[in-house]
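K.L.:
Let's see this in three dimensions:
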Amino acid sequence: MAAPRLRLRRGSTNPEGNVTNALTGEPFVDTTGDNFYIADSASTFIHVGGSSYTSRVDSFLTAKTTTVGDIVTLKEGTTNGSNTIDIKAPASVTASYDLTLPAAKPGSAGAYLLEYDQGSETLSFVESGAGESVETQNTNTDSSFFLTFVDSNNSSAGLETVFTDGELSYNPNSDILTVSGSVSVGSTGIDIAGSTSGTVTLVTAAAAGTTTITLPATTGTVVTTGDSGTVTSTMIANDTIVNADINASAGIVDTKLATISTADKVAISALDIDGGTATTTLADADLIIVDDGGGGTNRKAALTTVTDYTFAKVSGDVTVTSAGVATIQANSVALGTDTTGNYVGDVTAGEGLAKTSSAGEGQTVDLAFKNAANLTSNTVLKWDDGNTQLVNSSIVDDGSTVTITGNLTVTGTNTVTNVQTTNTQVTDALLELGNGTTGTPAPTRDIGLIMERGDESNIFVGFDEGLDLFIAGSTSNIGSNSTAGTITPIAFLSLAYNVTDIAGTNEVVIGYNGTSSQRELQNIVVDAGTY
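P.N.:
I've put the predicted structure just below:
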């Protein structure tokens, strides 16, 4: 349904002086700048806004966000460019306060806005002069401050030239002066305070020439000859320790030894087979050690070699391949009492079946329908329990037409009957839907007709049990559903009076708000005229 429309009183000028009978709170709009007014008496109005009004305000006001406070933007003259000055509030303020500008401009050039009167919350101008200084007090002694330097004092009225370098900072809490740049060391050395206590002194020894000491490029600890630090393997260059460096009493575990490949280096008596880990399963890929031919030549062999050798010794009515597959020779096993389990000796025909074969080795069992000679083609069969056989029924299906020679009675609940015909003729004057319904129908049990429209939405005409209304509209449900589903109302033409959801010629909108006690008009154009 289209959105409702409401037309306000609209004129080409300000309603002030043009409207004398306004109601307090009545809205007005003019065509010049689309300004919006609210009447506060019969002839006076409050200018609320408009396209030009909001554009002038919005151009220099920016609302606060979660990270930035409110912003007031001051623009330069239109003939000079588009540069701006922003006055911003902090994203977080510990307490509200005022900043009031001075009531008068500074008395002379060179003054700067600095002084703040906490009692009146007023800023004031301070005249600059030779040798003047600004006293500040550190309120956060755990922060680092950059040191600044000025030219030598002079007697002029100009401000001193200030120099600063971000590589030199001072923290008054820790009493540490930090130099992040290079350090120049004198001939007497340099002292570095430890993190807890004590001092490390770096002293330059007398040298005939230039000596270069290169420190590691990674984080670590420098171990000297006088401390208890540990020298790790990563600090020792490769290939610098040889056999002579190893003490004869050093105990080296076998995991540090290379593979022993020299013959006769391990005696067979040194093998501890009983002490090995036992295995309860063997696989074809498992290996064993053998003395090949007893000649002192050691060889390895897979377990598959053992099975090939063993199965090759099997003979008689049963043979075994190298893969372990056993085969019983033909006619070597007699059935009957020489076997275990059950085997089929004969087949007996059950009800409705007839048997023409008898038991015998290699015999094919022949079964057929009893009374098969009397059954008719294209006839649906039924069971004759008295003669225990299948017989013809009164239903004939030739592949395109089903013919029932007797009466047809359909019983049951939720039965869907699909009738596909070109035209259906019904002689009954009354057509009853929902026969047998008892009690109060469920809200989802709609009743009516659903018309299939192919690719388009289906049409439902009937009674919507949930809305308690007779309704006509489109739906995506089909006849096999238990409810008509969601119904979208459609135009219903009756005596040139068209009820739709969009008002037009000979059309009106009649809305229903979902309760049984109320109706409402919707999408009606209300035109109050002009002033």
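
K.L.:
got the phi/psi numbers for the residue nearest to residue 302 when sequence neighbours are not counted?
P.N.:
Closest residue in space to residue 302, ignoring its immediate chain neighbours: residue 287 at 5.9 Å, by Cβ to Cβ, 6 or more residues apart in numbering. No exception for glycine: its C-beta is placed from N, CA and C like everyone else's. Dihedral angles of residue 287 (phi, psi; degrees, to the nearest 10) stand at phi -110, psi 150.

K.L.:
show me where pLDDT drops low in the stretch 1-150 of the chain?
P.N.:
The stretch 1-150 of the chain contains residues with pLDDT under 70 at 1-9, 33, 51-58, 109-110, 112, 114-117, 127-143, 149-150.

K.L.:
how does it look with 90?
P.N.:
Counting by pLDDT under 90, the stretch 1-150 of the chain contains low-confidence residues at 1-39, 42-43, 45-150.

K.L.:
residue boundaries of the helices in it?
P.N.:
51-58 (DSSP state H, counting those that start in this stretch).

K.L.:
Strands along that one, start to end?
P.N.:
Counting by DSSP state E, counting those that start in this stretch, the stretch 1-150 of the chain has strands at residues 9-11, 27-30, 36-39, 45-49, 61-62, 71-75, 84-88, 112-117, 122-126, 145-150.

K.L.:
Point out the most buried one among the ones you listed.
P.N.:
Highest mean neighbour count among the strands of the stretch 1-150 of the chain (mean count of other Cβ atoms under 10 Å): strand 36-39, with a mean of 20.

K.L.:
Mind giving me the packing neighbours of that strand?
P.N.:
strand 27-30, strand 45-49 (3 or more Cβ pairs under 8 Å, 6 or more residues apart in numbering; DSSP states H and E).

K.L.:
closest to residue 200 out of those?
P.N.:
Closest to residue 200 of those, according to Cβ to Cβ: strand 45-49, at 72.4 Å.

K.L.:
Run through who's touching that closest one.
P.N.:
14-16, 19, 22, 28, 35-40, 53 (Cβ atoms under 8 Å, 6 or more residues apart in numbering).

K.L.:
same thing but at 7 Å, please
P.N.:
15-16, 28, 35-40 (Cβ atoms under 7 Å, 6 or more residues apart in numbering).

K.L.:
from the residues you listed, which is closest to residue 268?
P.N.:
Closest approach to residue 268 among those (Cβ to Cβ): residue 36, at 108.7 Å.

K.L.:
re the thing from before, residue 481 is nearest to which of the strands of the stretch 1-150 of the chain?
P.N.:
Nearest to residue 481 among those is strand 27-30 (48.6 Å), distances taken as Cβ to Cβ.

K.L.:
would you put the C-alpha positions of that closest one in PDB?
P.N.:
What follows is strand 27-30, C-alpha atoms only, in PDB (Å, rounded to 0.1, in the frame of the first residue of the first chain):
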ATOM      1  CA  PRO A  27       1.900  23.900  10.100                       C
ATOM      2  CA  PHE A  28       2.500  26.100   7.000                       C
ATOM      3  CA  VAL A  29       4.900  25.900   4.100                       C
ATOM      4  CA  ASP A  30       5.900  28.600   1.500                       C
END
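
K.L.:
And the contacts of that strand?
P.N.:
In contact with strand 27-30 (Cβ under 7 Å, 6+ apart) are residues 8-15, 36-39, 45.

K.L.:
what's the most distant pair in the residues you listed?
P.N.:
12 and 38 (18.7 Å).

K.L.:
about what we covered before: looking at the contacts of strand 45-49, spot the one nearest residue 486.
P.N.:
Looking across the contacts of strand 45-49 and measuring by Cβ to Cβ, the closest to residue 486 is residue 36, at 39.6 Å.

K.L.:
Surely the closest one and residue 14 touch.
P.N.:
No: the criterion here is Cβ atoms under 7 Å, and residue 36 misses it with residue 14 at 11.2 Å.

K.L.:
Which residue, neighbours along the chain excluded, lies closest to residue 297?
P.N.:
residue 291 (7.0 Å).

K.L.:
same check, this time on residue 67
P.N.:
Distance criterion Cβ to Cβ, 6+ apart; nearest residue to residue 67, sequence neighbours excluded, is residue 91 at 5.4 Å.
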